[in-house]
Every structure is written in C-alpha cells, then in structure tokens.
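Trainee: I'd like to go over a predicted model; first the sequence, then the structure.
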Amino acid sequence: MSFSWAKHYEPKSDLTKWLDQRLPLPRLVYGAIGGGYPVPRNLNYFWNFGVLAGVALVMQIVTGIIMAMHYAPNALVAFDSTEHIMRDVNWGWMLRYAHANGASFFFIVVYIHIFRGLYFSSYKAPREMIWLLGLVIFLLMMATAFMGYVLPWGQMSFWGAKVITGLFGAIPLVGEPIQTWLLGGFAPDNAALNRFFSLHYLLPFVTAGVIILHIWALHIPGSSNPTGVEVKSESDTVPFHPYYTAKDGFGLGVFLILFCSVLFFAPNFLGHADNYIPANPLSTPAHIVPEWYFWPFYAILRAFTFDFFIVPAKLLGVLAMFASILLLFFLPWLDRSPVRSGNYRPLFKIFFGILVADVLLLGYLGGAPAEEPYVMLSQLGSAYYFAHFLIILPIISKIEKPKPLPYSITESVLGKDSSGMAGGPVLQPAE
Amino acid sequence: MIRIGAFLVGLFFSGWLIVSFGVGAVAYVSEPPQETAEHAFHLEPKKLSLASDGPMGKFDRQQLQRGFQVYKEVCSACHSMRLVSFRNLAELGYTEDEVKAIAANWPAQTPSIDPATGEATTRKPLPADYIPSPHANETAARAANNNALPPDLSLITKARHGGAPYVYSLLTGYQEPPAELAKRFPDAMPGPGLNYNPYFANLNIAMANPLGSDGIVTYSDGTNATTDQMAKDVSAFLVWTAEPTLEKRHQTGWAVLIFLIIATGLGYMAYRNVWAGVKH
C-alpha cells in the first residue's frame, strides 16, 4: 500500500510490541490515518469532506442507537414514542434533532464530497474503484435516509413511503406485486414500518463496511490532489498525521459550528411541518415532497409528463430517476480527458459550473409544487443533467485543449522541483 | 461502446424532455393556467413577535399562563391537547397545588376502569394524566362539530407552515368574504357551516371565529383581553406545548457554540502551527 517512503509503524513500549506480534491493529491505524499514510501536500479544504462524512456517519449511528432504546416501531405508537423522546427522555430532543439534522448535514457533506470528485475527476484511473464504492455508499445512504424518515410515522413519512414504493409499481406486469411485497401489504402499515426500522438499523453498518473498502481502495493509489498530477516523489507528500489530522480537526470544528447552529437554533428549518401530524391514510397532504436531499432526483422523476409510445410517463420518470444516479457509475469511462483537475480544463470548467447551477435548480424545483412553470423548468434542468454526463462530457473531453500541467505537486507549490527533472524516472506507488 | 450507449441514452432522455418541454410550453402560452381563488385571496401570516423567538428566546411565563387560560376556557371545548399532561403545567410557573386544582376542575374527564365492576368509566384527572380530550373519539368529535375534526393542538405550531404567526393570523383573520371573491369565484364563497378566513389554505374554515369579541376571558393579571391579545397569548402558549424544551435548547446551544468556537480557534492555531514550515 501507498508509497515506498511511507513511514513504518514502530512499536515502542513492551505492550505495543506484544500487541503488534499478535494483533497489529495499531499498525493498521498508523498506516491508514497515521504517519504511515503519505498524502499530497497541496490538498485544499474540499479534501476535508471525506473525514467529515465519516464523522457524520458515526454521529448518526450513536444518536440512532440511543434513540432506538426509546422508540417503538409500531404504527399505533410510533408517532407518540417519537414525541416521548422529544418531551420525556432526558436530552431526547437533542438526540432526535441531532439525528434528523445530522442526516441533512451528512448529505450536504457527501454532496460536496461528490462534486469535489466530479470537478477534480477523482474517478479517473487508477481511482475508479474508490468512485464506484463511493456511489454504493451514496445509494445505501439514500435507502437508509428514506427509511429513517418513515419511522416517526407522520404524514410525510406515510405518504413519502407510499409514493416512493409506488415507483416500483410503475414496472410493467410485476410492478404491483413487487410494491405489495416490499410493503408487506397494499399500503404502508405496521409491516412496512417494522421492516423499515429493521433495515434502517442494519444499513448504516453495511455502509460502514463499504466505507472500509472505500478507504482501502483509496490507500492503494493514494489521495488525488487539486493539480491532478500524480505524486512523484517524497517532497510531494506529507504524512497524514500530524498534517492532515490537524487540518481535519480544524475543518471538523467549522462543520460542528454550522451543524450545532442549525441543531439548536433552527432544528425544524430543513424538515417539513406535515411530519408533525400523525400519519393518516385517509388524508392526503396537499404537496407530498421527500426530504430536501432527494429533491433533485424528485424533480427528474416528475419531469416526465408524456408517454413515449407504449412507455407510460410514470415509468419513464422512474427509469430516468434511477438512471440519473446509475450513470455516475460509468463516469470513469465517459470522461476520456487525460487531465484530471478542472483547474486545467477551461471548457470542462464552464460546463461543470452549469451542472452545479443545474442541480441546485433541480433541487429547488423538486421541492416546489407540481405545477407550471416548475414542471417546464424541471424538464429543461433534467435534459441538461443527462446531456451533461452522457453527451457533453464525452465530447469535451475529446475536443478540449487543456492548459499546461505542472511537472509535479512540489513544482506547483514551490514553483520549482529540485528532486526531479522533466522526463526523469517517475516513482510509481508501491503496492 | 459505453460511450455510444451513453450517447443514445442521453439523447433519448434529453430529447424526450425537450419535446415534453415544448409541448408544455405551447400549452402554457396558448392556454395560460387560470388563477385560483386561493392564489388570488390567500394571505401569508402576519408578523408576530414572541419572547420565545430567535436564538436568545425565552418563554414569557405570564403570557403562557394567559394563553393557557384561553386554551382552557375557549379552545379546549373542541380541541384536544393529548401530548401535554397537567404536571407539565408546573413549567408555566403554577405551584403543585394549583396544578392539582387545575386537573381536578378540568371540564373533561379521564377515561378509567371502575375498580368494582371492571366497566369503562371516567374519573377526575390527576396531575400525572395527560389533558383529557373533550371528545371520546374521532366520531364523537366530528358529530359535535358539523363533521369537521378539530385538530389536536399539542404540536400545532410545528405542524403548520408559518408556525405561531400562522395560528395568530388565523385567529384574528376572520372577516366577511370580499365582494370581489363573490364576483370572480362564486364557488369559493363559504358554504353552510364554513367561515371565510384568508389565512386558511382554502379560504374556508369550518371553525367559527373562536375569539370573536373582546373580553371572552378575564385575565387574572389585569391584562386587557382583546381579541388580538388573546390570540397572541394562546399562540405563545401553543409554542410551548409544541416544544416545552425550547428554552433548554437555546441555553444548551449557546454553551455548545461558545465551546466549539474556542475549540475551533485552538484547532486553527494548531493547524497553522503544524504546517508552519511546509508550503502548500
């Protein structure tokens, strides 16, 4: 793993020597996030978000496990047990607000992490596997968040569950049996609530497992960096500890300040008022919307309003919504530019800017009511989304003339690199 | 191969979306959507300033007690408060004896079981009981209210967009339907048993004006019980019922934030210190 100049763990005390021969756990940690992991010296603050996502997951697991001690996954009492947590459990209000807003901040962090990867092409060889595993984590997160939102059994919980499982009902022939099978009934009820609770508890640990693979895959080629030029020599890197532990510590502080400001002073800002009304299968809310982090995909789902010959519009919307995420799995093979960093890709940079604005617009439209002009704007926004990844990106990666790259990370930082000469031997990561 | 496939998929989705957009745009221009009565007459909530607003907000207990009095003497005839128990009222500044008296004199009774016969019966509420509902069940509530169901008020300021200002606006928003409404949208005029209120989503609310005239309650602290004052007080009270822990949340928040700002400042200095010799 990693580079030949990576420091090796040296146990100092008798206890650590004893442990190292039997279970070299400290060695593993040292090599993963300690001094044994050389990292490019030029990472900017966008590289903080991986660690922040890990912290967010841990916070969710801790608050979630404690809340599960007080919550009852039964359709008769789920809503009241949630309010019991808010009112009667010591610090229960803090746990629940931390968990609900923690989900939102987890997604904020992960979206920034993903867009970092898109701008700096972190998905390109040799890091495809990191990207693919990251997308698996993203899908697991979405499933977990969706099922978690059902648990308080409020109006949006119930109707959100109904709408989202209804998506499977759009599949021809087998759709409705699948929907009934997923829900354990014809509509969301106790069976659905119980299995959602069970899976909501399970999936974070599956996610944690995939994160271990994600980090393992990262440690083979090492971290990417804002120049996109691979590490060539020791002067390009610094050990993770103390350099990036210090930087991540500061980043974590800023993250927690923002998170706690929302948690303590605007805890319901990111939520929906209707979820404080107990679930009622007989009363449909005026506007059914999922949580904000699903809005861009919800906008794509609702953008399809016309049948395509025999394919109904609803099925098209469902296919497009899944395609909008699945297409990201093909990204490493769609973007052919040999240059990674968007900083050296003038044409790509413009379209990337449009993509960011487009996804923000889709996010706004997904939360808006399903009426004009929002639907028309969703159609334009969704059209650009697909065109960007599937048409524009492959073309610009072929016709674009990138700016000249620095020889090495050291040169980009210091203006010169005394360790290597252009065309000299390039150190490959030792695996 | 992947790129050709991707190109075709992209062309299909984007192309069909552009076609859909075109068809929709033509329809939008040729037949612009008609304005609805809600769109034309619905009003956003009025401004309401409460002591509990903002990050420094604290409850005004005198006001909460007045609001509780309005709930007890007016709202509780139809609206339940099932998540609040009498013992919680001690947080409004009532003594233990006062809470006991409030519970014992509550107009509705708590469902119970007759210890002698095992049959269903009712008894006087105790401080440990939740505030009993004025109706035995939803059917009874609808039967007593012209088939409209008065919502439970425990969480109402969190369960409605606009929160407390919405509740305040609704309570003070009853008025005669404007003549223009009758002219442009005769169908949107309030039907029998409905009342015009521009702050309500569909303009017609089943609840009759509950605080229609001044002096419906007599405040023990001498405050003049105008409709506006009663609406403000009960809105403040309903902020408390929806989140009794609000004050603790604000206090904790400041302690946490001050700690975090100091810790992050130290973290920044540590970061600069560690990186001092390294250009990056």
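Mentor: That came in fine, so what should we check first?
Trainee: ok, residue 195 - contacts?
Mentor: Chain wasn't specified; assuming chain A. A:Gly184 (C-beta atoms under 8 Å, 6 or more residues apart in numbering or on different chains). From N, CA and C alone the C-beta is placed, and that goes for glycine too.
Trainee: sorry, I should have been clearer: chain B.
Mentor: B:Tyr174, B:Asn204, B:Ile205, B:Ala206, B:Met207, B:Ala208, B:Asn209.
Trainee: ok, now A:Leu347?
Mentor: Contacts here follow C-beta under 8 Å, 6+ apart; on that basis A:Leu347 touches A:Ile396, A:Ile399, A:Glu400.
Trainee: likewise A:Val39?
Mentor: In this structure, A:Val39 makes contact with A:Gly222, A:Ser223, A:Thr237, A:Val238, A:Pro239, A:Phe240, A:Tyr243, A:Tyr244, judged by C-beta under 8 Å, 6+ apart.
Trainee: of all those, which two lie farthest apart?
Mentor: Taking C-beta to C-beta, the two most distant members of those are A:Gly222 and A:Tyr243; they sit 14.0 Å apart.
Trainee: now the helix or strand containing A:Ala299: average pLDDT?
Mentor: If you go by DSSP states H and E, A:Ala299 is part of helix A:295-303. Computed over helix A:295-303, the mean pLDDT rounds to 96.
Trainee: and it, what's buried?
Mentor: Neighbour counts over helix A:295-303 (16 or more other C-beta atoms under 10 Å in any protein chain shown) mark A:Trp295, A:Pro296, A:Phe297, A:Tyr298, A:Ala299, A:Ile300, A:Leu301, A:Arg302, A:Ala303 as buried.
Trainee: residue contacts, the first one?
Mentor: So that's A:Trp295. Residues in contact with A:Trp295 (C-beta under 8 Å, 6+ apart) are A:Val289, A:Leu362, A:Gly363, A:Tyr364, A:Leu365, A:Gly366, A:Gly367.
Trainee: cool, and B:Pro45?
Mentor: B:Pro45 touches B:Gly162, B:Pro165, B:Tyr166, B:Tyr168, B:Ser169, B:Tyr199, counting by C-beta under 8 Å, 6+ apart.
Trainee: go again using 7 Å as the cut-off
Mentor: B:Gly162, B:Pro165, B:Tyr166, B:Ser169, B:Tyr199 (C-beta atoms under 7 Å, 6 or more residues apart in numbering or on different chains).
Trainee: same check on A:Leu140?
Mentor: Contacts for A:Leu140 (C-beta under 7 Å, 6+ apart) come out as A:Leu203, A:Val206, A:Thr207, A:Val210.
Trainee: which members of the contacts of B:Asn195 occur in strands, if any?
Mentor: Judged by DSSP state E, the contacts of B:Asn195 include B:Asn204, B:Ile205 as members of strands.
Trainee: chain A next: which of the contacts of B:Asn195 are close?
Mentor: For chain A, no contacts are drawn from the contacts of B:Asn195 by C-beta under 7 Å from any C-beta of the partner chain.
Trainee: including neighbour count and pLDDT, could the contacts of B:Asn195 go into CSV?
Mentor: Listed next are the contacts of B:Asn195 as CSV, based on neighbours: other C-beta atoms under 10 Å in any protein chain shown; pLDDT from 0 to 100:
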residue, neighbour count, pLDDT
B:Tyr174, 20, 96
B:Asn204, 17, 94
B:Ile205, 19, 95
B:Ala206, 15, 94
B:Met207, 20, 95
B:Ala208, 13, 93
B:Asn209, 15, 95
